[in-house]
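In: fold the following and give me the result.
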Amino acid sequence: MTPRYLVGLGELLTRVEATDASGAALALDDGLARAMDIIRAQTAAGRTVILIGNGGSAATAGHLAVDFWKNGGMRAVAFNDASLLTCVSNDFGYRHVFEKPIEMFAEAGDVLVALSASGQSENILRGVAAARAAGCRIVTLSGFQPDNPLRRLGELNFYAPSDAYGPVEITHLAVCHCIVDTLVAGRR
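Out: Model (predicted):
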């Protein structure tokens, strides 16, 4: 017998919603293809994929940054180094923990991938605002409430319709792996 949790997770993966900057619904395949096109084009032009997230989403950001550069040969970084996080938190406040390094290091054309289960984390929202000001392309992944603020901020937005952290975080990891693994497979 398959545990109910895994069945629910499988069903959640089939219900991921993709929207564009205007909030218009996209077929998931189309949203994923657009995300891959953005990342492929921007990294081919020498731009960097920047990933940000808190907690489990920080682990996903770090994991995927490594996969983008190691497996995909694309420039990628996650701003989750302990020294960076504690320095910026201490000196400026935790709400600025992604905003400040994005202001310093992001360049026009870079791609910000912002992950937040709730879509309401102030530091993620401020990071997105800093990336927009720097001229970055923005892809968001969120969950919980369908009207969460992060879901409206990306050029592409992926939403996992669940209010449970584990399933949302696993879904975000799966969506990101779908993107990077498909890109890598296309390069072979």
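In: who's in contact with the spatially closest residue to F98 that is not a sequence neighbour?
Out: Distances taken as C-beta to C-beta, 6 or more residues apart in numbering put G127 closest to F98, at 3.2 Å, once the chain neighbours are dropped. (Glycine included, C-beta is placed from N, CA and C.) With contacts defined as C-beta atoms under 8 Å, 6 or more residues apart in numbering, the neighbours of G127 are 52, 98-99, 102, 112, 114.
In: next: L28.
Out: When contacts are counted by C-beta under 8 Å, 6+ apart, L28 touches 16-18.
In: same question for C87.
Out: With contact set as C-beta under 8 Å, 6+ apart, C87 has no partners.
In: for this structure, what spans make up the helices?
Out: Assignment of helices within the chain using DSSP state H yields the ranges 4-14, 28-44, 56-70, 82-92, 99-105, 122-134, 165-187.
In: any chance you could list what contacts the longest one?
Out: Counting contacts by C-beta under 8 Å, 6+ apart, the residues outside helix 165-187 that touch it are 8-9, 12-13, 16, 32, 35-36, 39-40, 56-57, 60, 63-64, 67-68, 71-74, 113, 115, 117, 141-144, 158, 160, 162.
In: 6 Å instead, please
Out: Identification of contacts with helix 165-187 by C-beta atoms under 6 Å, 6 or more residues apart in numbering yields 9, 12-13, 35-36, 56, 60, 64, 67-68, 71-72, 115, 117, 141, 143, 158, 160, 162.
In: if we can go back for a sec, and the contacts of L28, which of them are in strands?
Out: Of the contacts of L28, the ones assigned to strands by DSSP state E are 17-18.
In: for the contacts of L28, which one is nearest N80?
Out: Compare each of the contacts of L28 with N80 using C-beta to C-beta and the shortest gap goes to V16, at 23.8 Å.
In: what's the distance between the closest one and N157?
Out: Using C-beta to C-beta, to the nearest Å, one gets 11 Å for the distance from V16 to N157.
In: comparing the two, which residue is more hemmed in?
Out: Regarding V16 and N157, a neighbour count based on other C-beta atoms under 10 Å identifies N157 as having more, with 25 against 21.
In: brilliant, that's me finished.
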